[in-house]
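Engineer: have a look; sequence and predicted model below, questions after that.
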There are 2 protein chains.
Amino acid sequence: MERTLINELKCGSKVKITGWLHKVRSLSKVSFLVLRDRSGMVQCVVDNNQLDIQGIKLESVLAIWGNVVEGKNKISNIELQAEKVEVITLVKDELPITINKSPMESNLETQLNNRVLSLRNEDNNFIFKIQAAISQGFSEFLIKEGFTQIYTPKLVSEGAEGGTALFKVNYFEKQAYLAQSPQTYKQMMVAAGYERVFEIGHVYRAEEHNTSRHINEYVSMDLEMGFIEDEQQLIELETELLKFILCKIENEYKGKFEELGIIIPQIREAIPQITLQEAIEILKAKYCRSDLVGDLDPLGEKQIYQYAKEELDSEFIFITNYPRSKRPMYTMPKGELGTRSFDLLFRGVEITTGGQRINEYSELVENMKYKGLNPEDFGFYLESFKYGMPPHGGLAIGLERITAQLLQLNNIREATLFPRDRTRLTP
Amino acid sequence: MERTLINELKCGSKVKITGWLHKVRSLSKVSFLVLRDRSGMVQCVVDNNQLDIQGIKLESVLAIWGNVVEGKNKISNIELQAEKVEVITLVKDELPITINKSPMESNLETQLNNRVLSLRNEDNNFIFKIQAAISQGFSEFLIKEGFTQIYTPKLVSEGAEGGTALFKVNYFEKQAYLAQSPQTYKQMMVAAGYERVFEIGHVYRAEEHNTSRHINEYVSMDLEMGFIEDEQQLIELETELLKFILCKIENEYKGKFEELGIIIPQIREAIPQITLQEAIEILKAKYCRSDLVGDLDPLGEKQIYQYAKEELDSEFIFITNYPRSKRPMYTMPKGELGTRSFDLLFRGVEITTGGQRINEYSELVENMKYKGLNPEDFGFYLESFKYGMPPHGGLAIGLERITAQLLQLNNIREATLFPRDRTRLTP
């Protein structure tokens, strides 16, 4: 008999289901088992003569044959009257953590130490279904818009931005580094004739600080496009992209969001935008923040979110025109001091940095010098600007960050399957 | 005026196109320019009074306004009568390599050293459109089959298979390695309740040999699925997956394959399969190969391809039942000496290794010992088998290899945007 998925069970049918033993309640003659597979859970009524439930610990893998009937229980309005039960994989030990409660009782460290088990918890499991939907939505939208997916190297001979902390790799006789972003390569791929490219892949930052919003290995969803007029075209593209992703998630997972009490944000027309200078003025006026120069700090981002939510009715806000002194050498200047760059804040956390790039060779050389960098350190990257680099720009969205913000998680590690941080390298 | 893509030009319309200057032929009064964008090429007729073509080198980025008319030229049956030409990015230098000829005249080393330019060549450019279609097809098919896309760490504390050459990374005070495969993590994700997972990401092999079929950083398309009966279910899944990918490519790119004279292989029903023992017997009988024990060498793979093509009319062939001594510790044994594992050869090159895995804790411990490994070295991986690991298995397809085999390229580097090998770490 073929297996039926739990979310496809229909009253009146005879089926075989397989999955993990989620919960057990034994009475004298029958036991109530909750079985869980990738699609959901169902209560099964098992005659105690059919199965000696005593030796079978929770999370054992079972196959149950039986009849689907109407039933009243906490999980659904059906149940399975078991006719036969088979143990596929027996669990002999007590579980180190309890996973069948929502929310889980164990702290994040314990959950991460027992990741295979903690991911079986319904709420945790859901996080990575959403993460998959976000990255899939990113791909689908961009393919529709004529973008080509690329895979660029993570083993590199130099950093993309100069100076930022890089992990060193022993590459045979040479010294290599782990790429901190696909920045140089995605720009080069625009120039290579693809014009519109995107990449979803790991990037690495050897930053020493250990905060709830940083991990040292994360998934960056990058895009870069040629023949743009200015940075506003990128802001429009990201707005449409986010609408598409949120709509996809609403279509597929609306019910579960309602169950968790989390609101899927709506983007009506445009996402509001303010310049960094305006943001700093607002923070000064509304929150007495006179300490901010040239950038926002995490508290400032939260305060701007409060402003965006209360005054502009938006969960998102673009901050534009970051100063030239604070942005990498490839950023297109705007006037004397500004740039054609932007950040996107989502519920008070930066999830995107983007902007138009310099595309003229001589301008780029000049800007490298302005930033105190030596153009000779950027050999093949700089070289590619000699042979017809069109006007272009791009942006990146941190996959774990957008997942965490959408699901209102407190720590980015909750939205990372196996996080890597200052102290954690396992599991 | 909005830009029109070249493949969307229609006779009788007034348009603006932008792209790279691909070719020039000047007569006394007019010049014929071929302009190239991401969608194709078109011939433009420019009055020499409108544009002084002398100072403008090939690959300059231009915008051309004009009328689309019927025309007879090598590229298409339309041409653009230019009314205005604007130089967007001027190229001042001669190109280091010629890119507007098919096939290119420069050798692979030179092409890789000038990657941004060599990728603009029509044939090279096409390779990575096909690569993107393959990886997209892999995702689409698996999502349809209930798989969840995952992102597992590439910075790991130990290797997946023990012994294979790993790149070392300085991870703060610790020693880390670059993952040689997502093997342990994808199995753990089956156990984490997702049952069916896939990942497309970079993996790393610090192997010293420099051959036309190896690179040290490559993209592995991995899948793993729970609740399987045996390895035949994986073979069936991969067969359907490949049919889906090939059908997608045929739908989108049939014309270009015909132009290049490359046949897109057809998979009728099943892909033929033979055991490794049968393969060795065939090689002995047909090609006097008496030197092969327990595995095929690259020449043997090519000879088996010849056999598959001539006798079985297939570009693909599965080789099954590899010996236990030659397969990693997680491989499900079959009888005393065999395993439930397989390779898939495509046009004489292995593009997949897969199989059923051991799912019982004690069997896995025993097999680790059989392979001379210490179970204590596999801490969190082994631990996850204690709490209900269902029967499962999986496979991996090398993205660059399948791309190279499909397009009949001689060297895997041709199917890698920026290859990393024994001596190459740039661009």
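Structural biologist: Nice, I can see it. Numbering: from 1, shown residues only, chains lettered A, B, ... in the order given.

Engineer: so where's chain A uncertain?
Structural biologist: Along chain A, segments meeting pLDDT under 70 span A:159-164.

Engineer: and residue A:176, how many neighbours?
Structural biologist: A total of 24 residues lie near residue A:176 under the criterion other CB atoms under 10 Å in any protein chain shown. Backbone N, C-alpha and C define where each C-beta goes, glycine included.

Engineer: contact partners for residue A:265?
Structural biologist: A:246, A:315, A:316, A:346, A:347, A:406 (CB atoms under 8 Å, 6 or more residues apart in numbering or on different chains).

Engineer: make a markdown table out of these and add secondary structure, distance to residue A:176 and neighbour count.
Structural biologist: As requested, the contacts of residue A:265 are exported to a markdown table (DSSP: H, G, I helix; E, B strand; the rest coil; distance: CB to CB, whole Å; neighbours: other CB atoms under 10 Å in any protein chain shown):
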| residue | secondary structure | distance to residue A:176 | neighbour count |
| --- | --- | --- | --- |
| A:246 | helix | 38 | 18 |
| A:315 | coil | 40 | 21 |
| A:316 | strand | 37 | 24 |
| A:346 | strand | 34 | 24 |
| A:347 | coil | 37 | 18 |
| A:406 | helix | 35 | 26 |
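
Engineer: of those residues, which pair is most distant in space?
Structural biologist: Comparing every pair within the contacts of residue A:265 by CB to CB identifies A:246 and A:347 as the most remote, at 12.9 Å.

Engineer: please enumerate the helices of the stretch 151-300 of chain A.
Structural biologist: A:183-189, A:231-260, A:276-287, A:298-312 (DSSP state H, counting those that start in this stretch).

Engineer: those helices: which one's closest to chain B?
Structural biologist: When the helices of the stretch 151-300 of chain A are ranked by distance to chain B, counting by CB to the nearest CB, first place goes to helix A:183-189 at 5.0 Å.

Engineer: hmm, the closest one in reach of chain B?
Structural biologist: Yes - for helix A:183-189 and chain B, the contact criterion (CB under 8 Å from any CB of the partner chain) is met by A:185, A:188, A:189.

Engineer: ok, the second one - contacts?
Structural biologist: Residue A:188 makes contact with A:381, A:384, B:115, B:116, B:427 under the criterion CB under 8 Å, 6+ apart.

Engineer: leaving out the residues flanking it, which one is nearest to residue A:206?
Structural biologist: With CB to CB, 6 or more residues apart in numbering or on different chains as the criterion, residue A:206 has its nearest non-adjacent residue at 3.9 Å, and that residue is residue A:165.

Engineer: quick one: that neighbour and residue A:209 touch, right?
Structural biologist: No - at 10.0 Å, residue A:165 and residue A:209 do not qualify as touching, with contact defined as CB atoms under 8 Å.

Engineer: neighbouring contacts of stretch A:227-236?
Structural biologist: Outside stretch A:227-236, the residues within contact range by CB under 8 Å, 6+ apart are A:195, A:225, A:270-271, A:273, A:318, A:320, A:332, A:340-342, A:354-356, A:390-395, B:3, B:18.

Engineer: just checking, which of the residues you listed belong to strands?
Structural biologist: A:225, A:273, A:318, A:320, A:341-342, A:354-356, A:392-395, B:18 (DSSP state E).

Engineer: show the buried residues in those residues.
Structural biologist: A:225, A:273, A:318, A:320, A:341-342, A:354-356, A:392-395, B:18 (16 or more other CB atoms under 10 Å in any protein chain shown).
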